[in-house]
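Trainee: Starting from these lines, generate the structure:
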Amino acid sequence: MSTKASIKYGVDEASGMSAHLYEECLAPPDSAVFLEISGVSEVSVDVSPQGTTVTVAIARELAAKLGLVPPTMIER
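Mentor: The predicted structure is shown next:
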């Protein structure tokens, strides 16, 4: 049985990437949320005394579906 409660989910058919933003339904309301991205081909991880930085390249259309960037304009 899953304890994930979906907040947002999106798929980019062109790249095959998908993203799932979710929270643990049994966690307190002020708990962290999680972003799971599948189909990624470009990732970098930097570790420093201040913490870890993870950078993931995702398709612009997927970012638009998640509401992270405005929808792209299709030129005619």
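Trainee: For Leu66, see how far away Met17 is.
Mentor: Counting by CB to CB, to the nearest Å, the separation of Met17 from Leu66 is 11 Å. Just so you know, the C-beta spots here come from the backbone N, C-alpha and C atoms, and that holds for glycine as well.
Trainee: Repeat that for Asp46.
Mentor: Taking CB to CB, one finds Asp46 at 23 Å from Leu66.
Trainee: Quick one: the helices in this structure, in order.
Mentor: 60-65 (DSSP state H).
Trainee: Low-confidence stretches in it?
Mentor: 1, 73-76 (pLDDT under 70).
Trainee: Could you rerun that using 90?
Mentor: Where the chain drops to pLDDT under 90, the residues are 1-2, 29, 71-76.
Trainee: Skipping its backbone neighbours, what lies nearest Glu23 in space?
Mentor: Val33 (4.8 Å; CB to CB, 6 or more residues apart in numbering).
Trainee: cool, and Cys25?
Mentor: Nearest residue to Cys25, sequence neighbours excluded (CB to CB, 6+ apart): Ala5, at 4.1 Å.
Trainee: who are the neighbours in contact with that neighbour?
Mentor: Tyr22, Glu23, Glu24, Cys25 (CB atoms under 8 Å, 6 or more residues apart in numbering).
Trainee: What's the PyMOL syntax to select whichever of these are buried?
Mentor: One line in PyMOL is enough to select the buried ones among these; burial here means 16 or more other CB atoms under 10 Å:
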select buried, resi 22+23
